[in-house]
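Asks: Sequence first, predicted coordinates after that:
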Amino acid sequence: MSGATAGVTPANQWGGLADSSLNILALTSDKTTAAIPANTAFQWAISEVVSGPATEFVTTYACLHYALLMINAGTQPSLMGAPAAGSIAAIYGIAPIMWGFYSGGYTAPPALPYKVPAITVAAGLRYLWIAS
């Protein structure tokens, strides 16, 4: 869900789902220049899994998964979330990392199979959810 800042002049935007080892399991298509209004939930459908084109993905285990979000825009939208507050900020670097960044220079979604090399820890939590 976007926060108070809208995405201005987006060029590429896509999402995905990765397992706890950062192997990408499913991706959306690139939404390119679609608007990203402030304070708005946005939904992107699955378009590809490791085995090929798909409209859904069913995970094979009940454990940690990572929601992936890539937005390349002139002004990045903010995301709804909770800021790091007081002593709780110290726990963000403890494995498993629950919120962070990977800057791989992407525009379009990567070809599958693909493993995200690493996540850089970021303070605070952002609200992303995966729904069926």
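Replies: Ah, there it is.
Asks: Tell me where this structure is predicted with low confidence.
Replies: Applying pLDDT under 70 to the chain flags the ranges 82-93, 123-132.
Asks: Now with 90, please.
Replies: By pLDDT under 90, the low-scoring segments of the chain are 1-4, 20, 34-36, 40-44, 59-72, 76-110, 116-132.
Asks: list the contacts for residue 51?
Replies: With contact set as Cβ atoms under 8 Å, 6 or more residues apart in numbering, residue 51 has no partners. For the C-beta atoms, the positions are set from N, CA and C on the backbone; glycine is no exception.
Asks: Need phi/psi at it.
Replies: phi -80, psi -10 (degrees, to the nearest 10).
Asks: Could you do the one 4 residues further on as well?
Replies: The phi and psi values for residue 55, taken as degrees, to the nearest 10, are phi -110, psi 0.
Asks: do the same with residue 65
Replies: Main-chain dihedrals, residue 65, degrees, to the nearest 10: phi -130, psi 150.
Asks: All set now, cheers.
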